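A.B. asks: Quick one, structure for this:
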Amino acid sequence: RALGYSMTGHTGARKLFIAEGEGANGKSTLFNLVADVLGDYGWNAPGAMLLAKRGDDGPRNDVAALLGKRFVIASETGEGKRLDETLVKRLTGGDKVTARYLYKEWFEFYPSAKYWWFTNHLPDVRGGDHAIWDRLVRIPFRVRIPESEWIADYHRVLFNAEAAGILAWLVAGCLAWRRNGLQRPAAIQEATAAYRREQDLLAPFLEERCVIDPMARVEKPTLYAAYTAWTDAQHERTLSHKKFSERLLADPKKRFTDGPRTNKARCWTGLRLRSDEDPTPIDEVPRDHNESGNAVIKLNTGAPDATVDDSVTDRDRSQDGISNLSRVKTGVCTPIVTDVTDVTDFEDKSLSRAHAHRGVTEPPVTSVTSVTSNPETASAFASGIIRITTNDALAQVLPDLFAADVLGLDFETTGLDPRSDSLQLVQLATRDRVYLIDPATVDLAALAPLLTTSSSTIVGHNLGFDLGFLHAAGLSIPSGDRIFDTVLASQLIDGGAHPSGAKTADPSDATGRGKKPTMVGYHSLAAVAHRWLGQVIDKTLQVSDWSGPLSDEHIAYAARDAAILLPLRDALDVALAQGGLANVAALEFAALPAVIWLEATGTPVDVAAWSALRDEAAATLAALDAELATVLPCVNVDSPTQLIAALAGLGIAIPNGQEATLRTVVDQHPAVDLVVRRKDAKKRVSTYGDTYLNHVHPTTGRIHANYRLIGAASGRMACSKPNLQNIPREPAYRRCICPSPGRVLIKADYSQIELRIAAQISGDSAMQAAFRAGEDLHTKTARAVLDREPTAEDRQLAKALNFGLLYGMGAERLRAYARDEYGVTLSANEAEQFRQRFFQAYPGLRAWHRAQQEGEVTTYTLIGRPRHGVSQFAEKLNSPVQGTGADILKGAMARLWADRAVVPSAVPVLVVHDEIVCEVDRGEADACATWLTAHMEAAGAAVLTEVPVVVETQIVADW
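C.D. replies: Okay, the predicted model is just below:
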């Protein structure tokens, strides 16, 4: 949309687009290509044009050259350069400008140019006003292209091959902009906001030297003197007193105002200078609600008014029951956390009230060495962090845990593998306390009733990980209706805009100006808590050593991660309800126990047979390398540049070295066939060889892959470490997935499920009638396009048509798809004829295709799962279909978990989009097949009301 907008003479958006990132990521290729395609409307301006420089009051040839231009690109000239903000405002403001060419007369014109600056280093921005920051759009380029894939002068290659297509793409972007405006994606907005924060010269000073407090005040000369001393020490540029005041008044949060005058000077209100007694710098005095009104729990990591007595040794602490924690001197109002050996009464709320005058609702940290039945001692433990180190102590707090409506659950572990790593700390948070349980001294079996019979909702961030460790420890997993996973909730609300693996700037990163921010997962706890609660979480200790004695920093970290889950759940729960997503969230939560079950069981694999396949592929690879050394001597076929040049010498022109591209010219020279076969052999050695073998667990002999319930923007599951959903289809590989002795596999897959879903979504009456009549749709399609009774080969053609044309393939792409996936060769004329006959047979499908809106849209599955920002035509069709398929599969998994007692020996070992594979004792094979089929069909019937759902089930010795 932005590039399409840049084609026009319109300047109303008033933007300067800054494409930023390290080299070799395609920036210059993209923008030079667009400039070339736009011809005289494009201009490659001097790199320093928009940079501030001395002596620029004379004639500006570069400004005069903007006359008639629409798409202006420039590359930056170096690090630490300053943006000419006045010029940027002038050129993007829409007003008439005056310019002249050297030795020519002055003239006036209205600029029509849009400016695109591609740079490795962001320019410095001195101004803090909205007038400049509303214009700047930072577009981060974060993917670096490997040197082996570089193509010399690639924008020229693309221009010569695809100029017309690229122009059509730009026109489509322009039309999308006319309909919907620019609509900057969240990632672009966040990157621009981070850029503004990095350029804020006051932020580091305010963080390091000031306390932000609405009730505080400081004399203006005193504050400015402290600021100048700080900038001198930091070697930073110093703002004038006037600019300093303007920046404070322009604070986006409006925290600082002109205050009253003392007998010496005027004051600022809203802040004060930090003293030595103040705690570690924080952004603001904690409040009990965020801007949206959601309650927020914030745990202190230290005592604001306390002084630490460093003379107390570890030996002293261990003698009075305090382990590895700093001692706070007598008279402190916010003491430290301690171990607890006996707990009885918690009714007194005096400590909570003691904090209320500060507007703080976080659990204060409590200082007692032992809580007994003494009411006076117990009242001191009214609220806060409670360490449980004995079985008796856990027994006494269980009633409190049972009474809680929600429980935040978090673990600290020695690693990521529940089968070989161990729990180091179990954190359970209620609305007013956090219980830290030591698994080394406490029998966690006592928690079993809490997980199975209480009514509490268990809240966690990536609960599959935490509950997986509980499952490995022998504890039961709570039912899905008692689970709330904040990762899944965040992903649902996001609607696929930031799929699994997306990154965002770490809110806790204190990176200085000009440096790259630390990146965290978009759906990580740090990012989600900051987005929904305004809370900044430092996750530094997440990767620290949790195997030894825990410091007070570790304790505070662990407690905070559990406590923040409850207000986070409240905020997300409201958002789910407002977005009509409560039912979709319930489905995800219900399926989560089944995923834990699946991962814990693992996939059985014949290691010897798999190793033999790897060795065979390695031998094939070596033979192909030897043959290629003769056919294409001195050519590294793994280098696209060398391969393209070598094939060009043979008269074969290809735009890239990808396997799909090579297959289109495989019949033009034997060398191409060798390269294609080599790519396949190399993949079998690397991707499918050692990668899979390295994931066979040494204890179980199985592969325990990681499954993500929402692994794709469509809502489909994903599998990694390794990707078991991508095992080759060849029988030799599938035979390696085999059960333990005395057991068999039951594999069940939904028959033509995507076609059935599309039949209901599109409303095509011919497809629906065929399915209701029990017809095979591939046979029906073959009969319709060939006008004869189909053969087995004809049915392969029909498969290519059904699955290819379902999502809008054109004739040329259909030819490649039919050849590569089904071994069917079509001429260009045949592909076009079959395409026309297909849509004549299924007019409802064509009407569905034609009804798709241009531009970005939100698609929905049949149960209401959204996917936002869908712009590609094929994705507008496949997202609701494949997403609905995922909904059905997850419903089946949830049903199987809930009814697992019916076939006690049955366990899931593999899930692949529309297929579930279970392992079961041979004697229960028939019962398992019936059980699996029934639940899969029931899950499908709950969603598909216009067509029947058919599950094909087999009892097999291997997959």
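A.B. asks: And this structure, what are its domain boundaries?
C.D. replies: With domains defined by automatic domain parsing, the chain comprises 2-195, 200-273, 314-579.
A.B. asks: how far is the shortest one from where the chain is centred?
C.D. replies: Think domain 200-273. Distance, stretch centre to chain centre, for domain 200-273: 37 Å (CA atoms, centre = their mean, to the nearest Å).
A.B. asks: Now do the end-to-end distance for that domain.
C.D. replies: 19 Å (CA to CA, to the nearest Å).
A.B. asks: ok, now stretch 932-949?
C.D. replies: Note: stretch 932-949 ends 14 Å apart using CA to CA.
A.B. asks: Would you mark the buried spots in that stretch?
C.D. replies: For stretch 932-949, burial by neighbour count (16 or more other CB atoms under 10 Å) applies to Leu932, Thr933, Ala934, His935, Met936, Glu937, Ala939, Gly940, Val943, Leu944, Val947, Val949. (Glycine included, C-beta is placed from N, CA and C.)
A.B. asks: Out of the residues you listed, which comes closest to Leu273?
C.D. replies: Val943 (62.0 Å; CB to CB).
A.B. asks: What backbone torsions are found at that closest one?
C.D. replies: phi -110, psi -50 (degrees, to the nearest 10).
A.B. asks: CSV please, covering the buried residues of stretch 932-949 and showing pLDDT and secondary structure.
C.D. replies: Output for these, formatted as CSV (pLDDT from 0 to 100; DSSP: H, G, I helix; E, B strand; the rest coil):
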residue, pLDDT, secondary structure
Leu932, 98, helix
Thr933, 98, helix
Ala934, 97, helix
His935, 98, helix
Met936, 98, helix
Glu937, 98, helix
Ala939, 97, helix
Gly940, 97, helix
Val943, 97, coil
Leu944, 97, coil
Val947, 97, coil
Val949, 97, coil
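A.B. asks: Pick the most buried one from the domains of the chain.
C.D. replies: Mean neighbour counts were compared across the domains of the chain using mean count of other CB atoms under 10 Å; the top stretch is domain 314-579, at a mean of 19.
A.B. asks: ok so, going back, between the domains of the chain, which one is closest to Val956.
C.D. replies: For these, the distance to Val956 is smallest for domain 314-579, at 26.9 Å, taking CB to CB.
A.B. asks: Just checking the distance from whatever helix or strand Lys890 lives in to the centre of its chain.
C.D. replies: For Lys890, the host element (DSSP states H and E) is helix 873-898. Mean C-alpha position of helix 873-898 versus that of the full chain (CA atoms, centre = their mean) differs by 20 Å.
A.B. asks: Look up phi and psi at the closest residue to Thr11 other than its chain neighbours.
C.D. replies: Distance criterion CB to CB, 6 or more residues apart in numbering; nearest residue to Thr11, sequence neighbours excluded, is Gly94 at 5.1 Å. Here is the backbone geometry of Gly94 (degrees, to the nearest 10): phi 90, psi 0.
A.B. asks: Please name the residues that touch Gly94.
C.D. replies: Thr11, Gly12, Arg14, Tyr110 (CB atoms under 8 Å, 6 or more residues apart in numbering).
A.B. asks: Leu463 and Asp914: what is the separation?
C.D. replies: To Asp914, Leu463 is 26 Å away according to CB to CB, to the nearest Å.
A.B. asks: what do you get for Ala24?
C.D. replies: Plainly put, Ala24 is 39 Å away from Asp914 if you go by CB to CB.
A.B. asks: so where's the stretch 351-500 of the chain uncertain?
C.D. replies: For the stretch 351-500 of the chain, applying pLDDT under 70 flags the ranges 351-383.
A.B. asks: Next one, pLDDT for Phe633 please.
C.D. replies: For residue 633 the amino acid is Pro, not Phe. pLDDT recorded at Pro633 is 90.
A.B. asks: how about it, phi and psi?
C.D. replies: According to degrees, to the nearest 10, Pro633 has phi -70, psi 140.
A.B. asks: Check Val459 too.
C.D. replies: Dihedral angles of Val459 (phi, psi; degrees, to the nearest 10) stand at phi -110, psi 130.
A.B. asks: And the one 3 residues further on, by the same measure?
C.D. replies: As for Asn462, its main-chain torsions (degrees, to the nearest 10) stand at phi 70, psi 60.
A.B. asks: how close does it sit to Phe589?
C.D. replies: Counting by CB to CB - Asn462 and Phe589 are separated by 13 Å.
A.B. asks: next one: Leu565
C.D. replies: Taken as CB to CB, the span from Leu565 to Phe589 is 14 Å.
A.B. asks: same thing with Ala792?
C.D. replies: According to CB to CB, Ala792 and Phe589 sit 44 Å apart.
A.B. asks: These two: which is more packed in?
C.D. replies: Ranked by neighbour count (other CB atoms under 10 Å), Ala792 and Phe589 place Phe589 first, with 24 against 7.
A.B. asks: wait, what's in contact with the more buried one?
C.D. replies: Phe589 touches Gly480, Asp481, Ile483, Phe484, Asp485, Leu488, counting by CB under 8 Å, 6+ apart.
A.B. asks: what do you get for Ser6?
C.D. replies: Ser6 makes contacts with Val34, Arg70, Phe71, Lys114, Trp116, as judged by CB under 8 Å, 6+ apart.
A.B. asks: Now flag whichever of these is closest to Phe838.
C.D. replies: For the contacts of Ser6, the nearest to Phe838 is Val34 (36.1 Å; CB to CB).
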